[in-house]
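Visitor: show me how the following folds:
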Amino acid sequence: EVRLAETGGGMVQVGGSLRLSCAVFGKIFDDEGIGWFRQAPGKEREAVSCLIPSERFTHYGDSVKGRFTTSSDNSGKTVYLQMNSLKPEDTAVYYCALGSNCVPSRWGQGTQVTVSS
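Guide: All right, here's what the predicted structure looks like:
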């Protein structure tokens, strides 16, 4: 059974940076990607990024392009989300998820990111 665990959330001031990590325990198939999603109170879940390690494919949501970067370690089992130039609207619970072609099917427990002005 695959399990995902996020770490690295916290509170940061506007303009600051945070790096989230997602550790994947279990097998990752070649067509599977690890995506980052976020959900703020009262808002719908939003796709932030996705990385398919075997293909070195990355994709970003429009709201984070140019500010956030996703990457992985050499094993592809730990995926990072480097978040720079953070804004108050980036405040949310961030989840990582694993799934074929970046369609999520298994989720981590989430980590809170709060950007204060």
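Visitor: spatially central residue for this structure, please.
Guide: The centre of the chain sits closest to Trp36, judged by C-alpha atoms, centre = their mean, with a distance of 2.7 Å.
Visitor: how about the secondary structure of that residue?
Guide: With DSSP: H, G, I helix; E, B strand; the rest coil as the basis, Trp36 sits in strand.
Visitor: does Thr69 have beta-bridge partners, and which?
Guide: Bridge pairing for Thr69 (DSSP bridges) gives the partners Gln82.
Visitor: output stretch 20-27 as PDB, nothing but the C-alphas.
Guide: The C-alpha trace of stretch 20-27 is given here as PDB (Å, rounded to 0.1, in the frame of the first residue of the first chain):
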ATOM      1  CA  LEU A  20       7.400  21.500   1.400                       C
ATOM      2  CA  SER A  21       8.500  17.800   1.100                       C
ATOM      3  CA  CYS A  22       6.400  14.800   0.200                       C
ATOM      4  CA  ALA A  23       7.800  11.400   1.000                       C
ATOM      5  CA  VAL A  24       6.300   8.500  -0.900                       C
ATOM      6  CA  PHE A  25       6.400   5.100   0.800                       C
ATOM      7  CA  GLY A  26       5.700   2.300  -1.700                       C
ATOM      8  CA  LYS A  27       6.100   1.700  -5.400                       C
END
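Visitor: enumerate the positions of that stretch that are buried.
Guide: Going by neighbour count (16 or more other C-beta atoms under 10 Å), the buried part of stretch 20-27 is 20-22, 24. Any C-beta I mention is one placed from the backbone N, CA and C, and that applies to glycine too.
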